[in-house]
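>>> Any chance you can model this:
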Amino acid sequence: MEVAGSVENREPVGIAASFPASQEKVFCYVELKDVSKDAAITFVWTLGANEMGKVSQQVKKSSRWRTWANKSIAGMKGDWKVDVLDESGAVLKSAAFKVE
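Reported below is the predicted structural model:
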């Protein structure tokens, strides 16, 4: 899992732990391996203690599955976090980043 400034050719570009407030969007890129069955994952974006967005995606049974979600963050400074949850709501992975 990576947080990046963009995704190009299905790969994260501009991986960073902080982004300028002028950055339009931030992308959370996830690569899953050995997915045993079709399932759903949910990206949950948080700024401080406030949930700022949530998006679910379907993941297909596969040896390798890449996907990503993005969040518009322009001007919203502070400590951000994105969690990737499984269908039961358990956190699969988290990443923190800062908008300055």
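
>>> in this protein, which spans are strands?
2-8, 11-15, 18-19, 25-35, 39-47, 50-59, 62-72, 78-85, 91-99 (DSSP state E).

>>> now the angle between strand 91-99 and the fifth one, please.
Spelled out, it's strand 39-47. 30 degrees (axes from the mean of the first three to the mean of the last three CA atoms, to 10 degrees).

>>> Can you tell me which residue is spatially central in this structure?
The chain has residue 28 as the residue nearest its centroid, 2.6 Å off, counting by CA atoms, centre = their mean.

>>> Put the alpha carbons of stretch 22-30 into CSV.
The C-alpha coordinates for stretch 22-30 follow below in CSV (Å, rounded to 0.1, in the frame of the first residue of the first chain):
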residue,chain,number,x,y,z
SER,A,22,-2.0,23.0,-3.4
GLN,A,23,-2.1,19.2,-4.3
GLU,A,24,-5.4,18.5,-5.9
LYS,A,25,-5.8,14.8,-5.0
VAL,A,26,-3.9,12.1,-3.2
PHE,A,27,-4.1,8.4,-4.3
CYS,A,28,-4.1,5.3,-2.1
TYR,A,29,-2.6,2.5,-4.2
VAL,A,30,-3.1,-1.1,-3.0
